[in-house]
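[1] missing the sequence, but the structure's below:
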């Protein structure tokens, strides 16, 4: 335990760590653990998707529709079927879009700003103040949407079973400005936790003061298991129906980390009432999504089970990378009392909480030695981690050898920052 | 001339026309001249686009970027280059998007509603009233955007050299609520006219009272010539620079009618200041456009000249269809004083003005006989043609034999409606 060391011991350890750090720094590394990007090997497995539509005759869907031409706002039926199966909802609760689920989330909020959530409630843009509940640590791009749209963000802690439900229940019951909540319910970005059944049930049963309160259920890692034993997540839309709360839910997913991040297919699920309303609005927004890309995905994966099966190939590639990260954390930092982390069963990240006030220092030490991490603070609204503790590790992109080097250095930096902090205090 | 006929002659003609109409009606036709959709032969010529990216190694762009993965908000450089060349602007004045230029237009206006046009001006959504100038007849989907967003529409006549510039100059000079103007400057939808140099110059030199006034320059038919002798359109963005008005212009185009309507690539052009501002906002809207589809188009067409050359294949397919439409109009309606039309050098439509108060009747007669036309009125805001005169003919989609039949019937219906109207008046 570093905390119980004497000043002399700390100085000695610091010297030792600085020496190790220096030797890595002199190597002129150029490593990147910053973004949750699939690696090249992962992209390569989808090669067949590129040429699954080969000729003109391939471009007609099951209804004989020419997917090259205009038409259809909410996705081709066979794509809706696969996404409905994956999201465990019915086909008429699904809208299949373009290549970005983030875009579907933004558009949903932008529509709420301009029109209200259902054409009946007041446009959010005409309210003085709109507040979103943000479980933290969370996903920076969610927070960017709120920041961009001038939406106030109130944070609640994300625990190992999901967000703090007492706080959420109070917030939505008391404050009519609370109109939305972000969530990544399975293999959460960044902590990797999955919401417990109790949390999902309490979310489904919320009694918000604002009738236009909406939960943004970003199920980005819905089928992104690392292990045979995967986390089970209760279906929020189905649960919400038990309380007549089905209009409160917007669910999102995409194939960005199934097929191609830059050229996948995104979808959302919501109550049929919400879907019907959305389709009316989408008519004025676009000529419709890229149907050929939807058809490519349908032909390639065939069914929801086909997609699920495919995810095992991804797991086989990225699980060793997660193992490296977790092995180094455990071997180098375990029992030192300078960091804690959660061992995820899926998703794209390992989230490490270092000593209070040390995250920025760790990331900056790493940067100076050529290792790029997600900015410290990025997992909090406005990029400000009040405790300066959380660091997001994205293991999937770098080659495994680089990852080893990066993690060796990461652990040195975490210890070094903790020693510096201890010396500061003494 | 039907108008100069006696009542007896009119009755006789009516009987005759009704007999002809009846014989078509009994055929149980099912023809569609309603939408500006490319026909199957046109889509078939782009077959090679489907498989131009065959394997993993094909997916890297000229900078070595893996287009399958995340990254880039404004388009891959080589796609920007082609669109810049086509739109006659510089690369840093271009943003390449997804598959829908309509979506880029909507998003541009939605951003203006939420943020103002440049982050400095007041959000349009906070103004009491926003007005767009709509040259008529025009494109229904433009008007739908305004209708959806609650934007007031004021119409100005579209003449053979462009919209009535005296009216536009007065409107923008006097009314600060006038924040936008729609335009399809080349081969306008539906009339097929192209704005004259003088019109473009006067637009470029506008002195709007509203500093956040913007011209939406939907150059949907920018390279969609039917004849060797094509219309020449002055470049509005370049002209506007002469007056320091470059921030006033948003230009749009897409490959929807070059490659695939459902799976093309859209782009916009604007001043570098506008582009930089947009990019900041787009960051919170999406993870970025489908780069693989951009790359597909780049590899297939190679250069702007490659795209232009390709358009000749489209012209070869659709020009005979336009010829059929124009031949029947001329042969059956020429000199009768019951309709006028413009012979376009490009685009997707022939716009026919029938006798005042007859358009709905003509479309309804056709519908009863199994021929679907664009709704009468669709070319005006709220679907209301005050003179009930304009009918949009879309010749590209139906097979040429069907088009002949449809046009025979169309001409009968135009005459019949005119005779009915004459009898009504007498």
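    That came through, no problem. In this text, all values refer to a predicted model and were calculated from it rather than measured experimentally.

[2] outside of the lowest-mean-pLDDT helix or strand in chain A, which residues touch it?
    Lowest on mean pLDDT, DSSP states H and E among the helices and strands of chain A sits strand A:31-33, with a mean of 89. Strand A:31-33 is contacted by residues A:370-374, A:393-395, A:397-398, A:402-403, A:405-406, A:410 when judged by Cβ atoms under 8 Å, 6 or more residues apart in numbering or on different chains. C-beta: built from backbone N, CA, C; applies to glycine.

[3] what comes up buried for it?
    Across strand A:31-33, burial judged by 16 or more other Cβ atoms under 10 Å in any protein chain shown covers A:31, A:33.

[4] how distant is it from the center of its chain?
    19 Å (Cα atoms, centre = their mean, to the nearest Å).

[5] Give me the distance between residue A:415 and residue A:1.
    Distance of residue A:415 to residue A:1, given as Cβ to Cβ, to the nearest Å: 12 Å.

[6] of those two, who's got more company?
    residue A:415 (25 against 8; other Cβ atoms under 10 Å in any protein chain shown).

[7] I'd assumed residue A:14 was in contact with that one.
    No - in this structure, residue A:415 is not within contact of residue A:14 by Cβ atoms under 8 Å, at 9.1 Å.

[8] Neighbours of residue A:141, how many?
    Counted with other Cβ under 10 Å, residue A:141 comes out at 17.

[9] ok, now how distant is it from chain B?
    8 Å (Cβ to the nearest Cβ, to the nearest Å).

[10] Can you tell me which of the contacts of strand A:31-33 comes closest to chain B?
    residue A:397 (8.7 Å; Cβ to the nearest Cβ).

[11] before we move on, back to that, what's downstream of the least confident helix or strand of chain A, the next helix or strand?
    helix A:40-44 (DSSP states H and E).

[12] so how far is that next one from its chain's centroid?
    20 Å.

[13] repeat for stretch A:104-112
    The answer for stretch A:104-112 is 17 Å, by Cα atoms, centre = their mean.

[14] any bit of it sitting next to chain B?
    Yes - if you take Cβ under 8 Å from any Cβ of the partner chain as the test, stretch A:104-112 does meet chain B, through A:106-107, A:110.

[15] Which stretches in the stretch 51-200 of chain A count as helices?
    Taking DSSP state H, counting those that start in this stretch, the helices of the stretch 51-200 of chain A run over residues A:77-87, A:101-115, A:140-149, A:165-174, A:197-204.

[16] Which stretch among the ones you listed approaches residue B:250 most closely?
    helix A:101-115 (18.0 Å; Cβ to Cβ).

[17] Measure how that closest one sits relative to helix A:140-149, angle-wise.
    Interaxial angle of helix A:101-115 relative to helix A:140-149 (axes from the mean of the first three to the mean of the last three Cα atoms, to 10 degrees): 20 degrees.

[18] Give me the mean pLDDT for helix A:101-115.
    Average pLDDT, helix A:101-115: 96.

[19] any shared contact partners between residue A:415 and residue A:1?
    residue A:336.

[20] C-terminal to the helix or strand where residue A:306 lies, what's the next element?
    Assigned by DSSP H and E, residue A:306 falls within helix A:304-328. Counting by DSSP H and E, the next helix or strand C-terminal to helix A:304-328 is strand A:339-341.

[21] Now, the contacts of strand A:31-33 that are in helices?
    Assignment to helices by DSSP state H places the following of those there: A:402-403, A:405-406, A:410.

[22] what's the farthest-apart pair in the residues you listed?
    Of all pairs in these, the most separated under Cβ to Cβ is A:402 and A:410 at 11.9 Å.

[23] Comparing the two, which residue is more hemmed in?
    residue A:410 (30 against 16).

[24] how about the more buried one, what does it touch?
    By Cβ under 8 Å, 6+ apart, the neighbours of residue A:410 are A:33, A:328, A:362, A:366, A:371, A:373, A:393.
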